[in-house]
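Enquirer: No sequence on hand, only this structure:
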């Protein structure tokens, strides 16, 4: 692993008061206790611009805006990535999708050659925590779990992650304090298992 930092990237408009925020704080606490340096990224609070402009879309990575170069450097130098977000219409919120568009971009996280694609993030531990209000059986049988397909197959299969897991918590809208406490205990246990020191 490249260094001691783990990025926690949160795509929720109310990190201070939401269950998504509680997940992120629980993950950060567990990482700290394991000896990692968590870097909590609240995209809404930071005012991250999710828009990939035409000019940026055709630029080479070396010519990307300085802010995006800094984002890519942060990803390149971290040991792992923890994503936390709600399920909005079967996708991450637009601000997080825009982060993926602009940061995990062609030429940095992956690329194409005559011999096929190359993968740039194979050394990262990736953990995704999502929340939803749809019952699990409906999510699977009716919608086919689009977030699992998006994160596991579309994003992290392409960029080469060999250590990926996702956990969805549902139904948030009907959950009580006891259930949420149990879920946060699971977040803690998951982080301790996935990022355990040898």
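Expert: Here it is on my side, so go on. Since the structure is predicted, the reported quantities are computational estimates derived from the model, not experimental observations. Numbering: from 1, shown residues only.
Enquirer: pLDDT wise, what is the closest residue to residue 184 other than its chain neighbours at?
Expert: Excluding the flanking residues, the one nearest residue 184 by Cβ to Cβ, 6 or more residues apart in numbering is residue 26, at 4.9 Å. Glycine gets a C-beta too; all of them are placed from N, C-alpha and C. Among the per-residue scores, residue 26 holds a pLDDT of 98.
Enquirer: again with the one 4 residues further on
Expert: The pLDDT attached to residue 30 in the predicted structure is 98.
Enquirer: Report the helix or strand with the lowest average pLDDT across this protein.
Expert: Using mean pLDDT, DSSP states H and E, the weakest-scoring helix or strand in the chain turns out to be helix 136-141, at a mean of 76.
Enquirer: Who are the contact partners of the residue nearest to residue 184?
Expert: 184, 187-188, 191 (Cβ atoms under 8 Å, 6 or more residues apart in numbering).
Enquirer: ok, of those residues, which one's closest to residue 7?
Expert: residue 191 (13.1 Å; Cβ to Cβ).
Enquirer: Would you mark the buried spots in the longest helix seen in the chain?
Expert: Identified as the longest helix of the chain according to DSSP state H is helix 177-194. Buried positions in helix 177-194, judged by neighbour count with 16 or more other Cβ atoms under 10 Å: 183-184, 187-188, 190-191, 194.
Enquirer: Export the contacts of residue 26 as a markdown table, with columns for distance to residue 33 and pLDDT.
Expert: Formatted as a markdown table, the contacts of residue 26 follow (distance: Cβ to Cβ, whole Å; pLDDT from 0 to 100):
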| residue | distance to residue 33 | pLDDT |
| --- | --- | --- |
| 184 | 14 | 98 |
| 187 | 13 | 98 |
| 188 | 9 | 98 |
| 191 | 9 | 98 |
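Enquirer: tell me which of the residues you listed is nearest to residue 63?
Expert: Closest to residue 63, out of all of those and judged by Cβ to Cβ, is residue 191, at 36.5 Å.
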